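Student: I'd like to go over a predicted model; first the sequence, then the structure.
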Amino acid sequence: MSNKSNITVIPATIPLFTPTTFSPINKRRVAAYARVSTDSEEQLTSYEAQVDYYTKYISEHPDWDFKGIYTDEGISAVNTKKREGFKQMVADGLAGEFDLLVTKSVSRFARNTVDSLNTIRQLKEKGVECFFEKENIWTFDGKGELLITIMSSLAQEESRNISQNVTWGQRKRFADGKVTIPYKQFLGYQKGENGRPEIVESEAKIVRRIYQEYLSGITIREIARNLTSDRIPTPAGKEKWAVSTIMSILQNEKYRGDARLQKTFCADFLTKKMVKNEGQVPQYYVENSHPAIVPPEIFEIVQVEIAKNRKHNTKRSSNCFADKVFCGECGALYGSKTWNSTSKYKRTVWQCNGKYKERGVEPCATPNVDEIALQQVFVQAINQILGDKEQYISALQPLIDMLADTKEFDNEIQVLNERLSGIYAQLELMVYDNARQLQDQQEYMEHYSELSSRYEEVKNQLSECEDKKQLRLARRDKVLQFMDTLRTREKLLIEFDEVLFRAIVEKITIFSLNDVRIMFRDGSEIQTEAPRKHYAD
């Protein structure tokens, strides 16, 4: 008995592609896709030429029925996410609007291999063929997909090389200290004749106003509200200012005349996604790269103030006494309460926030204080200074000289930098020797870890020393600003001046009925008392 199998061939009854695709009687419905990669005048001319060419090219084939051209101007082919013409072409092809798509080349179609193959396969499943004229590739051809894969990979590699060249050029400019600013969305500067940023005074006034208001104690939200109500346009030309925009202006080193370059970088040449540079690639800090709108000392004071608020997790309030009044007994902040809120006797009272926090613990003996009392305390204290301000200002000069002397920190910073360089050199030598000589790896790792720990320890000491130097200079700048404020005041205060209070007061500490102390920004302190009729107990 034979074990040979019987095989019966069952012929295909349904064609792989629709009969209209290959029918000699029905015309093929043909569309074209054209794209240029930039919006330059030269490329737009190429774009118009492509449109004109394919209109004539398709119309000249008697067996082709022209169905239109899909176009994208000034858009990269690296991916298809933002190419509206391309996406519409695919949608129409899948919907059966045409049978053949003609385009100039694989690189005009897509420089991403995955995008190219996915799109071609989707269209192929619906009986839509693609023809790439430059490479003479027909996707229904048996070797068409192999050729598409090769050509797309080459085009993708070309995109990678272009991206790397562009990146190298940018980093070379950064290393050379060449500063670029997005002028269309950056307040205060325009591109000068020499290519460097130059100040636009009408916009610079707005920047200086933001810094001044912030130093005066006004909240960022309130600054944004004021600019919006004054109908001053944002850097992007919008009507409403956002808190994030104000904060960005307050922290941007370009306003002090310096520039930190490569804050962001392109992480993937295919997606063009920009990410924040947190140490993945080098950054470059260029000092005095262009004219400053804000004096460096004012910029530094603002940074210290921002850092202080972040450290203590405090937010500025629209009330000038918020975060300024402290309990002399427990050190807690005073908070405001509204008494008799529904009557004509309504008033704002400040009391120790820690007074009733813990049950069973004797509360602080410090009194509640009416807001009017705090205002009068300030008026009394500042008038003591203004009454003899010249002598007061001259007494501050030795403090200025002391704060300006940073030789001690400079010497220590130099020593620590030299120590860091020495440890780093040892680490490099260890790695070099380990790569070329057989060593006990356990001993190597122990020695390497020890050196690494020393390096981090010295690095932290350096950072701490630099912070101390910066704080001293920031305090010097505060004292100078305080002195300038005093010089501009010609008369004693008759009533409370909120702007002056925000500008010169560091904090108020309440100990008792007769002991209220005001510390000014120069570090000096004046003891006074509030009128008893304004205590709220």
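Tutor: Perfect, I can see it now. All values reported here derive from a predicted model rather than from experimental measurement.

Student: Break down the stretch 101-250 of the chain into its strands, ranges please.
Tutor: 129-132, 137-138, 189-191, 197-199 (DSSP state E, counting those that start in this stretch).

Student: any idea which of those is most buried?
Tutor: Most buried of the strands of the stretch 101-250 of the chain, by mean neighbour count (mean count of other C-beta atoms under 10 Å): strand 129-132, with a mean of 22. Using the backbone N, CA and C atoms, a C-beta is placed for each residue, glycine as well.

Student: What mean pLDDT does it get?
Tutor: Averaged across strand 129-132, pLDDT comes to 88.

Student: Tell me the strands beside it, with direction?
Tutor: strand 100-103 (parallel), strand 137-138 (antiparallel) (DSSP bridges).

Student: nearest to residue 366, of these?
Tutor: The closest of those to residue 366 is strand 100-103. By C-beta to C-beta, the value is 80.2 Å.

Student: can you list contacts of the closest one?
Tutor: 28-34, 54, 57-58, 64, 89, 93, 109, 123, 128-133 (C-beta atoms under 8 Å, 6 or more residues apart in numbering).

Student: hang on, the earlier thing: reformat the strands paired with strand 129-132 as a markdown table; add mean pLDDT and distance to residue 368.
Tutor: A markdown table is the format used below for the strands paired with strand 129-132 (pLDDT from 0 to 100; distance: least, C-beta to C-beta, whole Å):
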| stretch | mean pLDDT | distance to residue 368 |
| --- | --- | --- |
| strand 100-103 | 91 | 79 |
| strand 137-138 | 84 | 85 |
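
Student: could you dump these to TSV with distance to residue 375?
Tutor: Below are those laid out as TSV (distance: least, C-beta to C-beta, whole Å):
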stretch	distance to residue 375
strand 100-103	76
strand 137-138	83
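
Student: which one of these lies closest to residue 526?
Tutor: strand 100-103 (80.2 Å).

Student: Next, the contact list for residue 293, please.
Tutor: So residue 293 contacts 188, 189, 199, 204, 207, 208, 255, 256, 257 (C-beta under 8 Å, 6+ apart).

Student: And it, how far from residue 516?
Tutor: 39 Å (C-beta to C-beta, to the nearest Å).

Student: As a check, name the ranges of all helices in the stretch 351-500 of the chain.
Tutor: 371-386, 389-404, 407-436, 441-488, 498-504 (DSSP state H, counting those that start in this stretch).

Student: Show me what the next helix or strand along the chain from the shortest one is packed up against.
Tutor: Meaning helix 498-504. For helix 498-504, the following helix or strand on the C-terminal side (DSSP states H and E) is strand 505-512. Applying 3 or more C-beta pairs under 8 Å, 6 or more residues apart in numbering; DSSP states H and E, one finds that strand 505-512 contacts strand 325-327, helix 371-386, strand 515-520.

Student: give me that answer again for 6 Å
Tutor: strand 325-327, strand 515-520 (3 or more C-beta pairs under 6 Å, 6 or more residues apart in numbering; DSSP states H and E).

Student: Point out where the stretch 201-350 of the chain drops to low pLDDT.
Tutor: 261-286, 311-318, 341 (pLDDT under 70).

Student: Now do the helices for it: every range, in order, please.
Tutor: 201-215, 220-229, 243-251, 296-311.

Student: And the ones you listed: which comes nearest residue 448?
Tutor: Taking the helices of the stretch 201-350 of the chain one by one with C-beta to C-beta, helix 296-311 is closest: 34.4 Å.

Student: so how far is that closest one from its chain's centroid?
Tutor: 18 Å (C-alpha atoms, centre = their mean, to the nearest Å).

Student: Output stretch 48-56 as CSV, restricted to C-alpha atoms.
Tutor: Below are the C-alpha coordinates for stretch 48-56, written out as CSV (Å, rounded to 0.1, in the frame of the first residue of the first chain):
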residue,chain,number,x,y,z
GLU,A,48,5.9,75.0,-7.0
ALA,A,49,7.9,73.3,-9.7
GLN,A,50,7.0,69.9,-8.2
VAL,A,51,3.3,70.7,-8.3
ASP,A,52,3.5,72.0,-11.8
TYR,A,53,5.6,69.0,-13.0
TYR,A,54,3.3,66.3,-11.6
THR,A,55,0.2,68.0,-12.8
LYS,A,56,1.6,67.8,-16.4
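
Student: contacting residues around that stretch?
Tutor: Applying C-beta atoms under 6 Å, 6 or more residues apart in numbering, the contact partners of stretch 48-56 are 32, 34, 69.

Student: List the buried residues of it.
Tutor: 50, 54 (16 or more other C-beta atoms under 10 Å).

Student: again, but for stretch 481-500
Tutor: Going by 16+ other C-beta under 10 Å, stretch 481-500 has these buried residues: 481, 482, 483, 485, 486, 493, 496, 497, 500.

Student: Can you pick out the most distant pair from those?
Tutor: Going by C-beta to C-beta, the pair spanning these furthest: 483 and 496, at 21.9 Å.

Student: on that earlier part again, whichever of the contacts of strand 100-103 end up buried, select them in PyMOL.
Tutor: The PyMOL selection below is limited to those of the contacts of strand 100-103 classed as buried (16+ other C-beta under 10 Å):
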select buried, resi 28+29+30+31+32+33+34+54+57+58+64+89+93+109+123+128+129+130+131+132
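
Student: out of the contacts of strand 100-103, which are inside helices?
Tutor: If you go by DSSP state H, the contacts of strand 100-103 have 54, 57, 58, 89, 93, 109, 123 in helices.
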